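Asker: okay, predicted coordinates and the sequence, questions at the end:
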Amino acid sequence: MIDINLIRKNPEIVKENIKKKFQDEKLPLVDEVVELDTKVRALKQEGDDLRAQRNSLSSQIGMLMREKKIEEANAIKSKVVANNDRIAVIEKEVAELEASIKKIMMSIPNIIDDSVPIGKDDSENVELKRFGEAKVPAYEIPYNADILASINGLDKESAGRTSGNGFYYLMGDAARLVTAMISYARDYMIDKNFIYAIPPFMIRSDVVTGVMSFAEMDAMMYKIEGEDLYLIGTSEHSMIGKFKDQIVKESELPITMTSYSPCFRKEVGAHGIEERGIYRVHQFEKQEMIVICKPEDSMEWYEKMWQYTVEIFRNLNIPVRQLECCSGDLADLKVKSCDIEAWSPRQQKFFEVGSCSTLGDAQSRRLGIRAKGENGTYYPHTLNNTVLASTRALIALLENNLNEDGSINVPAVLRPYMGGKEIIIPKK
C-alpha cells in the first residue's frame, strides 16, 4: 500500500505507474481516492471546528449557571447536544470513508523502481546474468518422475488415494536428498548471520491481506473452514507477520531471518497441476529468508539476497541465471523482483526455482510495522527471497547430477547430511 500523501500531491505519478504495469482498469481508483480523501479531510475539519465550538460553549454554560441565567444556559446546552450529535455522525461517516479508501488503496499497485524493465508479462522478463555452464550431455536425461522411479523415490499413486492429485510421497534417497538440501540451505543462511526460525504454518486473514494482494491470496491460499486461518503458501508471510503492529528500534535493524516450513498452494491458473512429476504440486518444503531494514539499505540487501541463492545452487552443481522481472510481471506490492532459474538439460532451458523481491514499505504500511529512530518513527522496508524450494530444487539436482548409467552424484556439500553417501545407484 502506497503513502496516500503521494496520491494527494502527485496523482499523475501513481497513474503513470499503473500504466507501466498495464493495469489501466485501475486508473479510476486514483481519482476515487482523491475524491473520498477530500471528503474525509473536510469532515474532519468540520468535526474539529465543532469540538472547539463545543468546548467554548461548555465553558459558557458553567458561567451562565453561576449567574442564574438558566434559560440562556439551557439554550447553549441544546447547541452542545446538537454539536455532539453532528460529531457522532461525522465520526461514523469518516470511519466508513476511510475503510473505503483503505480497500481501494490495497488494490493500487506499489511504485516500481526506475530500474525495472517495462513489459506486459513474463515473456518480456530480461536475463541479466548466467552462473555456471549450461550443458547438455550426450545421453538422454529422463523426466523427473522417471528418474525418481529408478531409485524408488516417488509414489504419486498412493498419494492420490490419500490426498488427491497434486500430492506425492517422496521415499528413500529422494526424501533424504530433500532433507539434505533444506538442512544445507538452513546452515548456509545461519552462517550468513540470519536467525533461524520455524514459524506458524497457519496465519489469520489480516496477516494474509497485509503481505499480499487479494488476487494472489485467492489464487494461492487454502482457507481453513470455520476458522479465520489460512495455510501458508510461503513462510515469508508468517515471518513478516511476526512484526505486525510492532515498533522496532532502529538500532535493531536490519532484522535478518531464515525460516523452514511446508508450503501449501492451490496453484489456480493456466499452468495447472502436473500429473506425473513434482514441478507444480500442492505441497512442498522451503527454506526462506526475509529482511526488515532501513529504506536506504533495501537495494543493497536485495542484491545480497539473490546472490545467496545463486551460490547455494552452484554448490549443488546446478547452473542458474538471474532473470529481471518486468513491470507487468511484478505482483502489486513489489518494487523490484528477480527470479533465479535453474538449467534443465532435459528441456534445454531454464526454469524458475526461486524469487527475490523488495517491497519497499508496502507490507509495513499494511501491517503497521514501524521503526523508531532519532528522527521519529517510519515504515521500514521488507524483502524476501527463496533460499531453496524442495521439489524444484530436487528436479534441478537430479537432472544436473545424473550420470549416463542412471546413477546420481551427491554434491559434496550434501554428503554430510546423507551419511557420507557420494552416489545414488538406481534400483531398477
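Answerer: All right, it came through fine.

Asker: from now on I want contacts and neighbour counts done on CA atoms only, so please keep to that.
Answerer: Fine.

Asker: pLDDT below threshold where in the stretch 1-150 of the chain?
Answerer: Along the stretch 1-150 of the chain, the model assigns pLDDT under 70 to residues 62-65, 68.

Asker: so who does residue 6 touch?
Answerer: With contact taken as C-alpha atoms under 8 Å, 6 or more residues apart in numbering, residue 6 is in contact with residue 14.

Asker: check contacts around residue 409.
Answerer: 401-403, 422-424.

Asker: which residues does it bridge with?
Answerer: residue 423 (DSSP bridges).

Asker: what's the distance between it and residue 355?
Answerer: Distance of residue 409 to residue 355, given as C-alpha to C-alpha, to the nearest Å: 26 Å.

Asker: now swap in residue 117 and tell me
Answerer: In terms of C-alpha to C-alpha, residue 117 sits 16 Å off from residue 355.

Asker: and the two? Which one has more around it.
Answerer: Taking neighbours as other C-alpha atoms under 10 Å, residue 117 and residue 355 compare with residue 355 leading, 22 against 18.

Asker: quick check: the more buried one is in a strand.
Answerer: Yes: with DSSP: H, G, I helix; E, B strand; the rest coil as the criterion, residue 355 is assigned to a strand.

Asker: correct me if wrong: it contacts residue 334.
Answerer: No: look at residue 355 against residue 334 with C-alpha atoms under 8 Å: they stay out of range, at 11.5 Å.

Asker: can you give me the distance of residue 403 to residue 170?
Answerer: Distance check for residue 403 against residue 170: by C-alpha to C-alpha, it reads 21 Å.

Asker: same check on residue 297?
Answerer: Computed as C-alpha to C-alpha, the residue 297 to residue 170 distance reads 41 Å.

Asker: neighbour count: those two, which is higher?
Answerer: Comparing residue 297 with residue 170 by other C-alpha under 10 Å, the one with more neighbours is residue 170, at 20 against 14.

Asker: who is that one paired with across the strands?
Answerer: Beta-bridge partners, per DSSP bridges, of residue 170: residue 154.

Asker: and it, how far from residue 143?
Answerer: 16 Å.

Asker: what does residue 313 give?
Answerer: Taking C-alpha to C-alpha, one finds residue 313 at 20 Å from residue 143.

Asker: tell me which of the two has more neighbours.
Answerer: residue 313 (25 against 16).

Asker: got a pLDDT number for the more buried one?
Answerer: Here the pLDDT value assigned to residue 313 is 98.

Asker: next one: residue 215
Answerer: So, for residue 215, pLDDT stands at 72.

Asker: ok but it is inside a strand, no?
Answerer: No: with three-state DSSP as the criterion, residue 215 is assigned helix and is not in a strand.

Asker: what sits against residue 218?
Answerer: Neighbours of residue 218 in contact, by C-alpha under 8 Å, 6+ apart: none.

Asker: relative to residue 384, how far out is it?
Answerer: 20 Å.

Asker: what separates the helix ranked longest in the chain from the chain centre, distance-wise?
Answerer: Counting residues, the longest helix found in the chain (DSSP state H) is helix 27-66. Centroid separation for helix 27-66 versus its chain: 39 Å, with C-alpha atoms, centre = their mean, to the nearest Å.

Asker: can you name every helix or strand that it contacts?
Answerer: Using 3 or more C-alpha pairs under 8 Å, 6 or more residues apart in numbering; DSSP states H and E, the elements in contact with helix 27-66 are helix 4-9, helix 11-20, helix 70-105.

Asker: what residues of that helix count as buried?
Answerer: Neighbour counts over helix 27-66 (16 or more other C-alpha atoms under 10 Å) mark 27, 29-31, 33-34, 36-37, 39-40, 43-44, 47, 50-51, 54, 57-58, 60-61, 64 as buried.

Asker: cool, stretch 330-349 as well?
Answerer: 330-346.

Asker: rounded mean pLDDT for it, please.
Answerer: On average, the pLDDT along stretch 330-349 is 96.

Asker: from the opening residue of it to its closing one, how far?
Answerer: 22 Å.

Asker: and that stretch, how far from the chain's centre?
Answerer: Remark: stretch 330-349 is offset 15 Å from the chain centroid, using C-alpha atoms, centre = their mean.

Asker: ok, now stretch 237-251?
Answerer: With C-alpha atoms, centre = their mean, you get 14 Å for stretch 237-251.

Asker: over to stretch 309-318?
Answerer: Taking C-alpha atoms, centre = their mean, the mean C-alpha location of stretch 309-318 is offset from the chain mean by 23 Å.

Asker: what does stretch 176-185 give?
Answerer: With C-alpha atoms, centre = their mean, you get 24 Å for stretch 176-185.

Asker: residues contacting that stretch, please?
Answerer: Outside stretch 176-185, the residues touching it (C-alpha under 8 Å, 6+ apart) are 260, 286-287, 312, 387-388, 390-391, 394, 413-414, 417-418.

Asker: name the residues of it that are buried.
Answerer: 176-182, 184-185.

Asker: also stretch 297-317?
Answerer: 298-299, 301-302, 305-306, 308-310, 312-313, 316-317.

Asker: which one of those is nearest residue 370?
Answerer: residue 298 (15.2 Å; C-alpha to C-alpha).

Asker: residue 113 versus that closest one, what's the distance?
Answerer: 12 Å.

Asker: ok, now residue 398?
Answerer: On the measure of C-alpha to C-alpha, residue 398 and residue 113 end up 37 Å apart.

Asker: which one of the two has more residues nearby?
Answerer: More crowded of residue 398 and residue 113, by other C-alpha under 10 Å: residue 398, with 25 against 16.

Asker: show me what contacts the more buried one?
Answerer: Listed by C-alpha under 8 Å, 6+ apart, the contact set of residue 398 reads 144, 147, 408.

Asker: got a list of what the first one touches?
Answerer: So the one you mean is residue 144. Contacts of residue 144 by C-alpha under 8 Å, 6+ apart are 277-278, 395, 398-399.

Asker: one more time with 6 Å
Answerer: Residues near residue 144 by C-alpha atoms under 6 Å, 6 or more residues apart in numbering: residue 395.

Asker: just to revisit the earlier point, most neighbours of all the contacts of residue 409, which one?
Answerer: Of the contacts of residue 409, with other C-alpha under 10 Å as the count, residue 402 tops at 21 neighbours.
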